[in-house]
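**Q** Just a sequence and a predicted model for now, questions to come.
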Amino acid sequence: MSPTDARADAGTVPVTDAGTCPNPGLDNRRTAVDIGLSVADADPVRDADRDPVRGADTDPVRGTDADPAWGSDSEDTLELRLPDELLALIADEASDSGEERCGEERCGEERCGEERCGEERCGEERCGRRGAAGSGSTTRACGDLLDGVADWGPVATPVGELHLVPVQAEQDLPLISRWMNDPAVAEFWQLSGPRSLAADHVHAQLGGDGRSVPCLGVLDGTPMSYWEIYRADLDPLARHYPARPHDTGIHLLIGAVTDRGRGLGSALLRAVADLALDKRPACARVIAEPAMRNTPSVSAFLSAGFRFSAEVELPDKRAALMVRDRCLRDLM
């Protein structure tokens, strides 16, 4: 699981929640099955062989003589026929679940990163979204699991124009490592020390399957924050809350001390959460899980339109599960 949050607007982490606006499913349809049952007239020969003790007694289940060979030589029939409407419905659903849906729905989550991207897009995207990678840089695996974060583009915020730019390891690691060694950040991210610690953390994401994308937050042309946009439903975090498909998680740290504690983080969190909802139509909510003890971080998420969902016991902390729902974004 990715590191947690930084302090105040200094850092945050992705979180997820159990609540969302469920998508309506197919209505259950009840269909009637007509059953025709006809019993042939009694055979007089068989009647003569009837048990004298039982006489004309009839079997309460069959409604006819309880002959052990009942129905073996008779014309009794059982006719089962599905209504035409049900047959047509089955045929339509089978057709809908064919090639067209496979390309989008079945491949849309776990398998998209391998199968759907394997032939059409990975040839280009595995080479990096910023163009040809320079020597020594680390390329990122196919990012379809997050609908191409590199292509989300800039977003206007009350504090300026923010652009999430995927990290280029060799170029950006010195700055990221310096931020990680800030005591206020190190308390929650726990990546202070040699640059190799931050490098290992970033490289693990860059070399992965695209379920987590590390980015620099560039505000009005100046790198000032570090972000991780990830698939919370595919993360170990999903073991600790009722995850839903395409839940998107956010981690954030604000780099400069002068940018913290003045509402900057809240404005950026709201903008990025709404950007994720806009660019990922299948995502119904954005998640974060700051440490419960990181009061400034929890407050920043609340101010950004997230709601507190629950306390979650994670392996490394007790977290506040924060959620921004698509269906509530205009109300919060």
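**A** Sure, I can see it. Numbering: from 1, shown residues only.

**Q** Looks to me like residue 330 is in a helix.
**A** No - remark: residue 330 does not belong to a helix; assigned using DSSP: H, G, I helix; E, B strand; the rest coil, it is coil.

**Q** count of neighbours near it?
**A** Using other CB atoms under 10 Å, residue 330 has 8 neighbouring residues. In short, each C-beta sits where N, CA and C put it, glycine included.

**Q** where does it land on pLDDT?
**A** According to the model's per-residue confidence, residue 330 sits at a pLDDT of 92.

**Q** Then residue 15?
**A** In this model, residue 15 is scored at 39, pLDDT.

**Q** Repeat that for residue 91.
**A** Model confidence at residue 91, expressed as pLDDT, equals 70.

**Q** how about it, what does it touch?
**A** Residues touching residue 91, when contacts are defined by CB atoms under 8 Å, 6 or more residues apart in numbering, are absent altogether.

**Q** which element is it on?
**A** With secondary structure defined by DSSP states H and E, residue 91 is part of helix 84-96.

**Q** Residue 228 too?
**A** Element membership of residue 228, judged by DSSP H and E, is strand 222-231.

**Q** Export the helix or strand following that strand to PDB, keeping only CA atoms.
**A** Toward the C-terminal end, the helix or strand that comes next after strand 222-231 (DSSP H and E) is strand 248-254. As requested, the backbone C-alpha atoms of strand 248-254 are provided in PDB (Å, rounded to 0.1, in the frame of the first residue of the first chain):
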ATOM      1  CA  THR A 248      -9.900   6.100  -7.500                       C
ATOM      2  CA  GLY A 249      -7.500   7.000  -4.700                       C
ATOM      3  CA  ILE A 250      -5.500  10.200  -4.100                       C
ATOM      4  CA  HIS A 251      -2.200  10.800  -2.200                       C
ATOM      5  CA  LEU A 252      -0.900  14.300  -1.900                       C
ATOM      6  CA  LEU A 253       1.900  16.200  -0.300                       C
ATOM      7  CA  ILE A 254       2.500  19.900  -0.600                       C
END
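
**Q** Next, the buried residues of the following helix or strand past strand 248-254.
**A** Scanning the chain past strand 248-254 towards its C-terminal end, the next helix or strand to appear is helix 264-279 (assignment: DSSP H and E). Along helix 264-279, the positions that meet the burial threshold by neighbour count (16 or more other CB atoms under 10 Å) are 264-277, 279.

**Q** Then stretch 309-327?
**A** Across stretch 309-327, burial judged by 16+ other CB under 10 Å covers 309-310, 312, 314, 317, 319-326.

**Q** same check, this time on stretch 151-164
**A** With burial defined by 16+ other CB under 10 Å, the residues of stretch 151-164 counted as buried are 152, 154-155, 157, 159-160, 162-164.

**Q** Please identify which of those residues is nearest to residue 204.
**A** For these, the closest approach to residue 204 (CB to CB) belongs to residue 164, at 18.9 Å.

**Q** ok, now how distant is the closest residue to the closest one other than its chain neighbours from residue 307?
**A** Distance criterion CB to CB, 6 or more residues apart in numbering; nearest residue to residue 164, sequence neighbours excluded, is residue 215 at 4.2 Å. As for residue 215, its distance to residue 307 is 25 Å (criterion: CB to CB, to the nearest Å).

**Q** the more surrounded of these two?
**A** Between residue 215 and residue 307, counted using other CB under 10 Å, the more crowded position is residue 215 (22 against 16).

**Q** can I assume that one sits in a strand?
**A** Yes - looking at residue 215 with three-state DSSP, it is inside a strand.

**Q** what's near enough to touch it?
**A** 149, 164-167, 226-229.

**Q** try 7 Å this time
**A** Contact partners of residue 215, counting by CB atoms under 7 Å, 6 or more residues apart in numbering, are 149, 164-167, 227, 229.
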